[in-house]
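Student: quick check, what structure comes out for this input:
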Amino acid sequence: MMSIFHARLEGRDPERDCFRSYRLEAGPDLFGAWLVDATYGRIGTRGRTIRLVASDEDGARKIIRHTLQRRATAPKRIGVAYRLCELADPAGWLAEAGR
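Tutor: Residues are numbered from 1 along each chain as shown. Down below sits the predicted model:
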């Protein structure tokens, strides 16, 4: 997969021993299908990866937006907020989500 979008988020709360990592990557494969990989788990571990397939770029953008919206609700669900640690978004996918 050629990565077009990449984001890494982390949630840390040492008092609760909560150290979470979430990584998103999106890009087309050799056959033109769009892949979105979500890797999550405790910081410092390999974590678990889920691969989602979208038929086109718009579908991949929709998956990314939905996933990031879900991460925004983390304080309610797991008690710690995620913060953006790394972002590679040359196509401006996040800027378009704000419109």
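Student: strands of this protein, residue ranges please.
Tutor: Applying DSSP state E to the chain gives strands spanning 5-13, 18-28, 34-42, 48-54, 83-88.
Student: give me the pLDDT value at the residue positioned nearest the centre of the chain.
Tutor: With distances taken as C-alpha atoms, centre = their mean, Leu24 lies nearest the centre of the chain, 3.0 Å away. Listed pLDDT for Leu24 reads 96.
Student: residues contacting it?
Tutor: Applying C-beta atoms under 8 Å, 6 or more residues apart in numbering to Leu24 gives the contacts 5-8, 36-38, 64, 67-68. For the C-beta atoms, the positions are set from N, CA and C on the backbone; glycine is no exception.
Student: returning to that earlier point: make JSON lines from the strands of the chain and add distance to Ala95 to it.
Tutor: Converted to JSON lines, the strands of the chain look like this (distance: least, C-beta to C-beta, whole Å):
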{"stretch": "strand 5-13", "distance to Ala95": "12"}
{"stretch": "strand 18-28", "distance to Ala95": "15"}
{"stretch": "strand 34-42", "distance to Ala95": "18"}
{"stretch": "strand 48-54", "distance to Ala95": "19"}
{"stretch": "strand 83-88", "distance to Ala95": "11"}
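Student: of all those strands, which lies closest to Ala72?
Tutor: strand 5-13 (9.9 Å; C-beta to C-beta).
Student: that closest one pairs with which strands, and in what direction?
Tutor: Within its sheet, strand 5-13 is paired with strand 18-28 (antiparallel), strand 83-88 (antiparallel), according to DSSP bridges.
Student: next, the angle from the longest one to strand 48-54.
Tutor: Between the direction of strand 18-28 and that of strand 48-54, the angle (axes from the mean of the first three to the mean of the last three C-alpha atoms, to 10 degrees) works out to 30 degrees.
Student: using neighbour counts, pick out the buried residues of strand 18-28.
Tutor: Buried residues in strand 18-28, counted by 16 or more other C-beta atoms under 10 Å: 19-28.
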